[in-house]
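Visitor: okay, here's the prediction I keep looking at, along with the sequence it came from:
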Amino acid sequence: MTTTTLAVLVPLLPFLGAAAGLLLGRTAPGFVRPLAVLPTLAAAVLAVLVAVRQGGGKTIEAATQLTPTGSVPIDLALNIDGFAALVAVVVGVVATCVQVYSTGYLRDDPRYASYAALVSLFTSAMLLVVYSGDLMVLLVGWEIMGICSYFLVGHYWETPEARAASLKAFLVTKLGDVPFLIGLFALATDAGTFRIDGILGAVAAGAIDHPTLVALLLLAGVAGKSAQFPLHNWLPDAMAGPTPVSALIHAATMVAAGIYFVARLLPVFAASAAAMTVLAVMAAVTMVGSALAALAQDDIKRVLAYSTIGQLGYMAGALAVGDRGAAVFHLMSHGAFKALLFLAAGVVIHAAGTNSLSAMSRMSGLTKRIPDAYWTMTVALLALAALPPFAGFFSKEAVLVAAEHTALGDRTVAPAGAGWLVLVAGLLTALLTAAYATRLWLLAFRGRGAQVPDHGRQPLAMTTVLWVLAIPSLGFGLTVTYLDDWFDGHALTPTVTTAVLGTGIALVGAVVTYAVWRTLATKAPAVAAPAPEAAAPHVAHPDAEAGKVEAEALHLPHPAEDPADPGRALLGPLHGPAAAGFHLDALYAAVFVRPVLAAASLVRFLDREVVDTYVRGAGTGTQWLGWLVRRAQTGNVQTYLSALLAGSVVLAIAAVLVAAGA
């Protein structure tokens, strides 16, 4: 079988699995789980085979015209270079892990069939984006992911939080997709093709007439899809969906799509110094702001959501200094340990059984209950904090090294100012990342919140996946010396300067956070456990978010918060704004939502009080005229003769008066 055929099957198999799962979900429920796992697993295996055959060498290309347009043609094209081959492997592996995990996590969910089918469709759409060689075909996968996220985030549509979160995610990403679509059309018009290789050739030949405008339009869509400032605010709210969906969105699909798109078309953005500067500013603000917000969150999933935003900021920063190898390397590393973090968080939440969803300040006694989640999440947090030898250290160092080279003028793809901005923001974010990662570990596994009843051991499918993902979280960075051919041929190894500086800063953040927590824990009184009558029997629903449902249904008391939370002490007066996401939602409500609602109210008033008044007036006037005419038609001949005589008299008098006047 040719490599091209294998590549076509990679996105096709999950799509067929999704279609079959939807068709057989009701009639043959026994086939739902195999149809969820096996096609995705097969796609992951084929993606590995494609990567082996591609080998980091010559790009694999194939195309056939999809439809004649009369102007710019649209082709069903493959364009698989080293980046595409490796990213497809990450997508396939993480999606398979999510599907396997979900078989245990949602084993009692009545809507599991539609959930699994949508996850498969989500996976297929991302794989289409990764392999596509034509921007219009890429756009199809891009938009399918948007609608899949809407349905999956709103999986628990009975709750208002899930409904609002799904709608917000859809609308905010669509806000960026509108200029993104315009940018695609403008780019294709200048280049004369939607083919990626043709566009890159046009950029090299200087045939793009308005590179800054095109790049900025495209960046709007990237900011929405990859949750970059100022369109990042949908991602924390998307935690209302099932935790495996969060793992898929954050690690392997939707939010990675924007970064991957810029990496594929980096020469388009590099053609404009202004666009690279805007990207650097966007990345710097995203990194620092999201790290501060993560340090103030109490919900474990919102901490991880803001963490994802910050790590995507690192990737955007690498692209802003012209190093797509560092960006994609961090994308892959982040995909492994962030998927592990979310899936382990699902185990933590269910074991904690809090009735505040996933509040870390109310967790206690989890280390012995869930040893698998404890050890694997510790590995993932060390990778997130970028401590050697974990995967996050090598990939984050690659970003810092790229920024350092640009700042010192060793690379001229981007302005030196962009390099300094990304470097300083990256180091500050490394400090904050280590701080909130340490805080999460302390509150979740060493917390002093009120312990609640044990919900039993987790299914084997869930714990096995955690250990599978722990392997790349620990060892993926060690492969950096073997990946040069896959990443444009330049080395991604750390330098002494950034390694010492970045690791030292991360250690400072971790040690200071631990010291503050230790001080607060010593001074704070112990938290009382719930009363014995609050103890509840084991509820077999494995869904992590069902912790809230279980506790409310069983009328458990509200567990006491852990007073030893270092977040407040570290942030001081910034804690309130950071916990509220720096009130960005309120700002958008004041600047955009309220004026639109006010304009809508004005239009409604004008329609009701002005337009409808004229319409009603015309109808009323016609009715009155009809009433008058009807009253005149009495059918009495004497009345008609009297009216005729009176009219004749009036006319005669008028004629006399006219004659006298003349």
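Guide: Here it is on my side, so go on.
Visitor: same question for stretch 650-662: list its buried residues.
Guide: By 16 or more other CB atoms under 10 Å, stretch 650-662 has no buried positions at all. All C-beta spots, glycine's among them, are computed from the backbone N, C-alpha and C.
Visitor: gap between that stretch and the chain center?
Guide: Its chain's C-alpha centre and that of stretch 650-662 lie 88 Å apart, by CA atoms, centre = their mean, to the nearest Å.
Visitor: and what of stretch 515-522?
Guide: Worked out by CA atoms, centre = their mean, stretch 515-522 lies 35 Å from the chain centre.
Visitor: give me the residues contacting that stretch.
Guide: Contacts to stretch 515-522, defined as CB atoms under 8 Å, 6 or more residues apart in numbering, come from residues 438-439, 442, 446, 448, 563-566, 569-570.
Visitor: and what of stretch 201-220?
Guide: Here stretch 201-220 makes contact (CB under 8 Å, 6+ apart) with 176, 178-180, 182-184, 186-187, 190-193, 231, 261-262, 265, 267-269, 271-272, 274-275, 278-279, 282.
Visitor: can you rerun that using 7 Å?
Guide: 176, 179-180, 182-183, 186-187, 190-191, 267-269, 271-272, 274-275, 278-279 (CB atoms under 7 Å, 6 or more residues apart in numbering).
Visitor: next: stretch 274-287.
Guide: 212, 215-216, 219, 223, 228-229, 232, 269-270, 309-310, 313-314, 316-317, 319-320, 414-415, 417-418, 421-422, 425-426, 429.
Visitor: repeat for stretch 254-272
Guide: 83, 87, 126, 129-130, 142, 145, 149, 187, 196, 199-200, 203-204, 208, 211-212, 214-215, 222, 225-227, 235, 249, 275-276, 279, 308, 312, 315-316, 319, 322, 324, 327-328, 331, 335, 413.
Visitor: measure that stretch end to end?
Guide: Using CA to CA, to the nearest Å, the end-to-end distance of stretch 254-272 comes to 26 Å.
Visitor: how far off centre is that stretch?
Guide: Here stretch 254-272 is found 16 Å from its chain centre; the criterion is CA atoms, centre = their mean.
Visitor: over to stretch 164-178?
Guide: Worked out by CA atoms, centre = their mean, stretch 164-178 lies 10 Å from the chain centre.
Visitor: so which of the contacts of stretch 515-522 is the closest to Val500?
Guide: Thr438 (20.0 Å; CB to CB).
Visitor: show me the shaky parts of the stretch 501-650 of the chain.
Guide: 524-563 (pLDDT under 70).
Visitor: try 50
Guide: 528-560 (pLDDT under 50).
Visitor: equivalent analysis for the chain, please.
Guide: Short version for the chain, where the test is pLDDT under 50: 354-357, 528-560.
Visitor: top helix in it by residue count?
Guide: Counting by DSSP state H, the longest helix found in the chain is helix 160-191.
Visitor: I'd like the distance from the strand or helix carrying Phe329 to the chain centre, please.
Guide: For Phe329, the enclosing helix or strand under DSSP states H and E is helix 324-352. Centroid separation for helix 324-352 versus its chain: 14 Å, with CA atoms, centre = their mean.
Visitor: and the following helix or strand past it, what does it pack onto?
Guide: Sequence order places helix 371-384 as the next helix or strand after helix 324-352, per DSSP H and E. Counting contacts by 3 or more CB pairs under 7 Å, 6 or more residues apart in numbering; DSSP states H and E, helix 371-384 is packed against helix 324-352, helix 391-407, helix 416-445, helix 460-475.
Visitor: which residues in the stretch 51-200 of the chain form helices?
Guide: With helices called from DSSP state H, counting those that start in this stretch, the stretch 51-200 of the chain shows them at 82-105, 112-131, 135-153, 160-191, 196-204.
Visitor: which one of those helices lies closest to Leu641?
Guide: Closest among these, using CB to CB: helix 160-191, at 73.9 Å.
Visitor: and that closest one, which residues are buried?
Guide: Quick answer for helix 160-191 (16+ other CB under 10 Å): 161-162, 165-166, 168-170, 172-173, 175-177, 179-184, 186-188, 190-191.
Visitor: which helix or strand contains Ser246?
Guide: Taking DSSP H and E as the definition, one finds Ser246 inside helix 243-251.
Visitor: so what's the backbone phi/psi at Ala205?
Guide: Backbone torsions for Ala205, taken as degrees, to the nearest 10, come to phi -90, psi 0.
Visitor: now it: how far from Thr412?
Guide: 20 Å (CB to CB, to the nearest Å).
Visitor: same check, this time on Tyr112
Guide: For Tyr112, the distance to Thr412 - CB to CB - is 53 Å.
Visitor: of the two, who's got more company?
Guide: The residue with more neighbours, out of Tyr112 and Thr412 and counting by other CB atoms under 10 Å, is Tyr112; that gives 21 against 10.
Visitor: starting at the chain centroid, how far to the longest helix of the chain?
Guide: That offset, for helix 160-191, works out to 12 Å (CA atoms, centre = their mean).
Visitor: same deal with stretch 632-647?
Guide: 82 Å.
Visitor: what does stretch 47-57 give?
Guide: Mean C-alpha position of stretch 47-57 versus that of the full chain (CA atoms, centre = their mean) differs by 28 Å.
Visitor: kindly report the same for stretch 111-129.
Guide: Distance, centroid of stretch 111-129 to centroid of chain: 15 Å (CA atoms, centre = their mean).
Visitor: show me the contacts for Ala434.
Guide: Per CB under 7 Å, 6+ apart, neighbours of Ala434: 385, 506, 509-510.
Visitor: now, the most widely separated pair of the residues you listed?
Guide: Most distant of the contacts of Ala434, by CB to CB, are Ala385 and Gly509, 7.8 Å apart.
Visitor: in the helix or strand hosting Ala19, which residues are buried?
Guide: Using DSSP H and E, Ala19 maps to helix 3-24. Neighbour-count burial for helix 3-24 flags 3, 6-15, 17-22, 24 (criterion: 16+ other CB under 10 Å).
Visitor: got the contact list for it?
Guide: So helix 3-24 is in contact with 31-32, 35-36, 39-40, 42-43, 46-47, 49-50, 53, 60, 62, 78, 80, 88, 113-114, 116-117, 120-121, 123-124, 127-128, 131, going by CB under 7 Å, 6+ apart.
Visitor: just the buried ones among those residues, please.
Guide: Of those, these count as buried by 16+ other CB under 10 Å: 32, 35-36, 39-40, 42-43, 46-47, 49-50, 60, 62, 78, 80, 88, 113-114, 116-117, 120-121, 123-124, 127-128, 131.
Visitor: for PyMOL, write the select line for the buried members of the contacts of stretch 515-522.
Guide: To isolate in PyMOL the members of the contacts of stretch 515-522 that are buried, counting by 16+ other CB under 10 Å, one can use:
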select buried, resi 438+439+442+446+448+563+564+565+566+570
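Visitor: picking that back up, same for the helix holding Phe329, what does it pack against?
Guide: helix 82-105, helix 243-251, helix 254-264, helix 300-320, helix 371-384, helix 391-407, helix 460-475, helix 546-553.
Visitor: could you give the angle of that helix to helix 254-264?
Guide: With axes from the mean of the first three to the mean of the last three CA atoms, to 10 degrees defining the directions, helix 324-352 sits at 170 degrees from helix 254-264.
Visitor: what's the neighbour count on the residue nearest to Gln54 when sequence neighbours are not counted?
Guide: Nearest residue to Gln54, sequence neighbours excluded (CB to CB, 6 or more residues apart in numbering): Ala85, at 4.4 Å. When neighbours are counted by other CB under 10 Å, Ala85 registers 26.
Visitor: many thanks, we can stop here.
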